[in-house]
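In: I'll drop the sequence and a predicted model, then ask my questions.
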Amino acid sequence: MARVEANGLGFEVWDEGRGTPVVLLHGFPDTSEMWRHQVKALNSAGFRTIAPDMRGRGRSDRPAAVTDYALPKLVGDVTGIMDALGIERAHVVGHDWGAAVAWFVGMLAPNRVDHLVVVSVGAPGAAGPPTLEDLQKSWYRILFQFEGVAEDLAQRNDWYLMRTLLQGGGDDIERYKATLSEPGALTAALNWYRANVPLDRLISTGAGPQLPPVSAPTMGVF
């Protein structure tokens with residue numbers, strides 16, 4: 001892992017291999033380690049992989065303010081890391097929250113993206129107003145808005161809530177517990193939700209903001 005300064009913060013970045021760069025963006029509650037199998041396969045196929053611990057996660061810096069986790073700042077992290085590593089353009093791959101960031105990199109920095117791959121998250125703004133069923137499925141996002149309460153419940157009974165959300169999680173849950181138990185780590189991870197899907201937006205029935213199109217060739221994996 002390399003320490004990279006970008007966008008005013010320090011990031012732990014897993015930079016491996018040679019060839020065309022592929023930027024790998026993890027989601028919640030992961031770190032760059034989630035890409036360990038894909039890194040090996042991509043390196044073997046002749047690609048260079050760049051997998052950062054995203055803002056607030058793993059060994060990367062954890063700013064304190066909720067607003068520090070807004071998507072435009074997360075986009076700046078990605079392009080800043082690319083700048084620091086001398087990468088002009090890359091294939092960008094994201095999963096979960098990493099997919100949301102990848103979409104916005106494609107929208108806000110289209111000149112930096114060769115191809116876009118998004119896993120588990122559709123295009124921002126594509127869905128209509130939330131139904132009652134949608135809100136029921138989003139119960140955890142509503143819970144995560146309540147600072148202190150969410151942190152307490154997430155850790156109770158040996159992280160039972162997290163195990164429920166992750167449907168067990170296998171060996172990964174032990175890694176999540178270790179990283180999220182570090183001072184400030186769980187709050188930083190939940191701040192992604194608080195900054196980008198606040199309660200008023202979760203329950204809003206109005207149209208969302210108009211977003212720019214993504215011009216890069218894009219593949220969705222769901």
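Out: That came through fine.
In: which of the residues in the helix or strand encompassing D83 are buried?
Out: Secondary-structure element containing D83, defined by DSSP states H and E: helix 71-84. Neighbour-count burial for helix 71-84, with 16 or more other Cβ atoms under 10 Å as criterion, is recorded at L71, K73, L74, V75, G76, D77, V78, T79, G80, I81, M82. Yep, even glycine has a C-beta here, placed from its N, CA and C like the rest.
In: what residues does the lengthiest helix in the chain touch?
Out: Longest helix in the chain by number of residues (criterion: DSSP state H): helix 149-165. For helix 149-165, contacts defined as Cβ atoms under 8 Å, 6 or more residues apart in numbering pick out 29, 140, 143-144, 169, 173, 176-177, 180-181, 186-187, 190.
In: Among those, which pair sits farthest apart?
Out: Greatest spatial distance among these (Cβ to Cβ): G169 and T187, at 20.4 Å.
In: which parts of stretch 156-166 are buried?
Out: W159, L161, M162.
In: which one of these is nearest P52?
Out: M162 (22.4 Å).
In: ok, now how distant is that closest one from K177?
Out: Applying Cβ to Cβ, to the nearest Å, the value for M162 to K177 is 8 Å.
In: Do I have it right that T187 meets F144?
Out: No. The pair T187 / F144 is not scored as a contact, 10.3 Å apart, by Cβ atoms under 8 Å.
In: and the two? which has more neighbours close in?
Out: Shown here are T187 and F144; by other Cβ atoms under 10 Å, F144 has more neighbours (24 against 18).
In: Number of residues surrounding P124?
Out: 17.
In: Lowest mean pLDDT among the helices and strands of this structure, which one is it?
Out: helix 199-202 (a mean of 78; mean pLDDT, DSSP states H and E).
In: Show me the contact partners of the helix or strand that contains V39.
Out: Using DSSP H and E, V39 maps to helix 36-44. Outside helix 36-44, the residues that touch it by Cβ under 8 Å, 6+ apart are W14, E16, G17, V22, L24, T49, A51, V93.
In: Apply 6 Å and report the result again.
Out: With contacts defined as Cβ atoms under 6 Å, 6 or more residues apart in numbering, helix 36-44 is touched by E16, G17, V22, T49.
In: Take that helix, keep the C-alpha atoms, and write them as PDB.
Out: C-alpha atoms of helix 36-44 as PDB (Å, rounded to 0.1, in the frame of the first residue of the first chain):
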ATOM      1  CA  ARG A  36      -8.300  -8.700  -3.700                       C
ATOM      2  CA  HIS A  37      -9.500 -11.300  -6.100                       C
ATOM      3  CA  GLN A  38     -10.200  -8.900  -9.000                       C
ATOM      4  CA  VAL A  39      -6.700  -7.300  -8.500                       C
ATOM      5  CA  LYS A  40      -5.000 -10.600  -9.100                       C
ATOM      6  CA  ALA A  41      -7.100 -11.400 -12.200                       C
ATOM      7  CA  LEU A  42      -6.700  -7.900 -13.700                       C
ATOM      8  CA  ASN A  43      -3.000  -7.800 -13.100                       C
ATOM      9  CA  SER A  44      -2.700 -11.200 -14.800                       C
END
